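*Asks:* turn this into a model:
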Amino acid sequence: MTAPSVDSRSSLSLSDREVADGFVSGDETCLAVAHARWHGLVHTLAARTLGDTREAEDVGQQVFLAAWRGRAGYRPERGPFPGWLVGITRRKTADALTARSRRRALEVALGERLWPEATPVPYSDGVVERLVVAGELAKLPTAQREVLAMAFYGDLTQVQIAERTGMPLGTVKSHARRGLDRLRRSLTEPPAAPTPTDAG
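*Replies:* Numbers count the residues shown, from 1 in each chain. The predicted structure is shown next:
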């Protein structure tokens, strides 16, 4: 007798191994069951490290997306399915911490130059800082990029930027703030769709 399909059973009756097998074979019902069964574990681990439940929720979504797209990389002989998800969670949490550091570095690097009256926050890795800023500035509209580049690389104040460019001071401030807002958004966007190797 042929075993009943996953769709015809109660999800509660499925063993972890059955959920894993169905998940790897591309059964969307098992994807839903896996999410319901282990999302709490993933979220708790991410929240414990990140200290932010909203950020942990984003990580949880990334974990299950990476697992689903990279499901062919799961090997039962290497350990149980929940353990595989935990491994992906650790990597995605580390990615989130790295992105957080990049956001902070960029805000500090530019914020101190554009608003020197603000309380300075030290950031020591100047090389990484400049690489991060250079990559993100290149994505901005020309006017915003020029204003922020002069602030960061030329170490100019907003008044000096206005004098050098001939822009009204208010326009310089507007470009600076809009540019910083764009930079923050670009650094908080979810990462690109993961490849199967992300979950391997």
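*Asks:* got the domain boundaries for the protein?
*Replies:* Listed by automatic domain parsing, the domain ranges of the chain are 11-98, 124-188.
*Asks:* relative to R90, how far out is A66?
*Replies:* 12 Å (CB to CB, to the nearest Å). Bear in mind the C-beta positions are built from the backbone N, C-alpha and C, glycine included.
*Asks:* which one of the domains of the chain lies closest to R104?
*Replies:* Within the domains of the chain, the stretch nearest R104 is domain 124-188; the backing value is 9.5 Å (CB to CB).
*Asks:* possible to save the domains of the chain as JSON lines with mean pLDDT, mean neighbour count and distance to R104?
*Replies:* Shown next, in JSON lines, are those (pLDDT from 0 to 100; neighbours: other CB atoms under 10 Å; distance: least, CB to CB, whole Å):
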{"stretch": "domain 11-98", "mean pLDDT": "91", "mean neighbour count": "17", "distance to R104": "11"}
{"stretch": "domain 124-188", "mean pLDDT": "77", "mean neighbour count": "16", "distance to R104": "9"}
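*Asks:* in the protein, which spans are helices?
*Replies:* Listed in chain order, the helices of the chain (DSSP state H) span 16-24, 28-50, 53-69, 81-114, 126-137, 142-152, 158-165, 169-188.
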